[in-house]
Every structure is written in structure tokens, then in C-alpha cells.
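A.B. asks: Mind looking at a prediction? Sequence and model below.
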Amino acid sequence: MKAEKIVISALAMVVGLFVAGVAFFFYQSQKVIPKDKTDTISIKAPTPSPKADAFLTIDSPANEDVVDSKTVVVKGKTSPDATVIATSDVDSEMVSPAQNGDFSITLTIGSGENVLEVTTILPNGDMQTLRRSLTYSTESF
């Protein structure tokens, strides 16, 4: 008899919670909120970040070039007041560009595949880096 009372009490509690939930759902769905009580959310598109003042172009060598000399001349253009640092797997050099921004750096590269990294740094700290992949080979194609 006690077990039956516990089961009936539990069942009555579940049915009561269900009825209360349904009643609450219908109450909330019929509720009207005045327009002056609502807030409007507006989403603005993000503004692009300002472009860095540093610019760098590398005219030669081209990316994925195959060269037959262990010395490579890196030529390009950047801001006249920048400092240019070029590194290979075995060498690194630093130069200041000419008044028109042109620069030329001679680097030594290793055998096989090499990665050249050219970085320009402005006096205000802005910088830009470009990479070129070169392969040293004396085989004729």
C-alpha cells in the first residue's frame, strides 16, 4: 500500500509539472510587449583595419626559380626611409634603399631548396615580409 501511494504521488507530481509548463507556455505566447519597452539591436559591419604604411615588392628572383649560382641578387622596391633585411638559409644582409626606394642585395644560398625572406622595417615600426623559394641546381633541363 505504501508503494502505491509513492507511485501515485510521483505520477501526480509529473502530471502537475506538465500542466503547469503548458499553462506557462500559453501565458508567455499570449503576452504582448509594448514597442517602447523593446530595444533595437543594430549590427554594423566591422571597419577594415588601417593598411600598414610598409610596402615591399621583390622584382627578382621569382618564386620557385631554379638557379645555377650560389650567389643570388635580390632586387625590389620599398619605402625610401625603410631598412631592408634579406636572409637565406646560409646568409643574411641588411641595406638601406636608394632615394626612389629601389634596393639590391646579394645573398649566398645553400644547395638544394632555399627560402629567401625579405623584410622591410619602417622607422615607426611597421614591417612587411615576403618569402621566395629558390632551388640551387647545376643540372641542365
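C.D. replies: Received it, and whenever you're ready, just let me know what you need.

A.B. asks: element containing Pro97, please.
C.D. replies: Per DSSP states H and E: Pro97 is located in neither a helix nor a strand.

A.B. asks: Please identify which helix or strand holds the residue lying closest to it once chain neighbours are set aside.
C.D. replies: Leaving out its chain neighbours, the residue that sits closest to Pro97 by C-beta to C-beta, 6 or more residues apart in numbering is Phe103, at 4.1 Å. For every residue, glycine as well, the C-beta is placed using N, CA and C. According to DSSP H and E, Phe103 maps onto strand 102-108.

A.B. asks: Could you report the distance from the residue nearest to Pro97 to Asp36?
C.D. replies: 65 Å (C-beta to C-beta, to the nearest Å).

A.B. asks: And Met1, by the same measure?
C.D. replies: According to C-beta to C-beta, Met1 stands 59 Å off from Asp36.

A.B. asks: For beta bridges, what are the partners of Val95?
C.D. replies: Beta bridges link Val95 to Val84 when assigned by DSSP bridges.

A.B. asks: Make 36 the starting number, not 1.
C.D. replies: Done: numbering now begins at 36, and the last item shifts to Val130.

A.B. asks: for the protein, what spans make up the helices?
C.D. replies: Using DSSP state H, the helices of the chain run over 37-65.

A.B. asks: To what extent is the residue nearest to Pro158 when sequence neighbours are not counted buried, counted in neighbours?
C.D. replies: Closest residue to Pro158 apart from its sequence neighbours, by C-beta to C-beta, 6+ apart: Asp116 at 6.0 Å. Per other C-beta atoms under 10 Å, the neighbour tally for Asp116 reads 12.

A.B. asks: Check Thr170 too.
C.D. replies: Other residues close to Thr170 by other C-beta under 10 Å number 13.

A.B. asks: per-residue confidence for it?
C.D. replies: Looking at Thr170, its pLDDT is 88.

A.B. asks: roughly how far apart are it and Val108?
C.D. replies: Thr170 is 16 Å from Val108, by C-beta to C-beta.
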